[in-house]
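Asks: one predicted model, sequence on top.
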Amino acid sequence: TPVGNNQEQIPVDNTGDPRDGREISLSSDEDVQVLTARRTEKRPQSTQEIPVDRAQPPAPITREDIANLITDLRSTNETLQQHGLRITALEESLRSKKSRSR
């Protein structure tokens with residue numbers, strides 16, 4: 001079947017989650033996912049921008065800054081992994097309900 005301008009077909013790749021900012025729906029062929037980008041609706045949920053004073057040179061990055069950054073990245077990764085597990089469990093639950101209703 002032809003694919004519309006707003007859709008692209010991508011083979012299933014379980015090494016990462018290609019759904020950032022996109023809706024996903026499984027086609028009738030379980031090996032292909034149809035991804036629909038939502039670029040017009042894609043807005044950051046919240047921004048934590050800090051105004052920059054360009055008149056002063058940036059402060060040097062310290063070991064503490066790097067340690068804090070690594071800690072924050074680890075926390076973010078753990079949160080993303082937990083969300084991924086929840087999404088996978090939900091998808092499996094929906095698939096099993098769908099197969100039982102047939």
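Replies: Received the coordinates, thanks.
Asks: need the next SSE after the helix or strand bottoming out on mean pLDDT in the chain, C-terminal direction.
Replies: Here the helix or strand of the chain ranked lowest by mean pLDDT, DSSP states H and E is strand 32-37, holding a mean of 44. With elements assigned by DSSP states H and E, the helix or strand that comes after strand 32-37 is helix 63-100.
Asks: next one: residue 81 from residue 87, what distance?
Replies: Relative to residue 87, residue 81 is positioned 11 Å away (C-beta to C-beta, to the nearest Å). For every residue, glycine as well, the C-beta is placed using N, CA and C.
Asks: residue 99 now?
Replies: Residue 99 is 19 Å from residue 87, by C-beta to C-beta.
Asks: ok, now residue 61?
Replies: Distance from residue 61 to residue 87, by C-beta to C-beta: 35 Å.
Asks: so what's the residue count around residue 97?
Replies: 9 (other C-beta atoms under 10 Å).
Asks: flag the shaky bits of the chain, pLDDT-wise.
Replies: Within the chain, the segments meeting pLDDT under 70 span 1-47.
Asks: follow-up on the earlier one: more neighbours: which of residue 61 and residue 87?
Replies: Shown here are residue 61 and residue 87; by other C-beta under 10 Å, residue 87 has more neighbours (12 against 9).
Asks: for residue 93, see how far away that one is.
Replies: Residue 87 is 11 Å from residue 93, by C-beta to C-beta.
Asks: go on, residue 83?
Replies: With C-beta to C-beta as the criterion, residue 83 and residue 93 are 15 Å apart.
Asks: residue 101 now?
Replies: 13 Å.
Asks: looking at those two, which is more packed in?
Replies: More neighbours surround residue 93 than the other of residue 101 and residue 93, with 10 against 6 (other C-beta under 10 Å).
Asks: distance of residue 64 from residue 71?
Replies: Residue 64 is 10 Å from residue 71, by C-beta to C-beta.
Asks: can you check residue 97 too?
Replies: Residue 97 is 39 Å from residue 71, by C-beta to C-beta.
Asks: now do residue 95
Replies: 37 Å.
Asks: do the same with residue 78
Replies: Residue 78 is 11 Å from residue 71, where distance means C-beta to C-beta.
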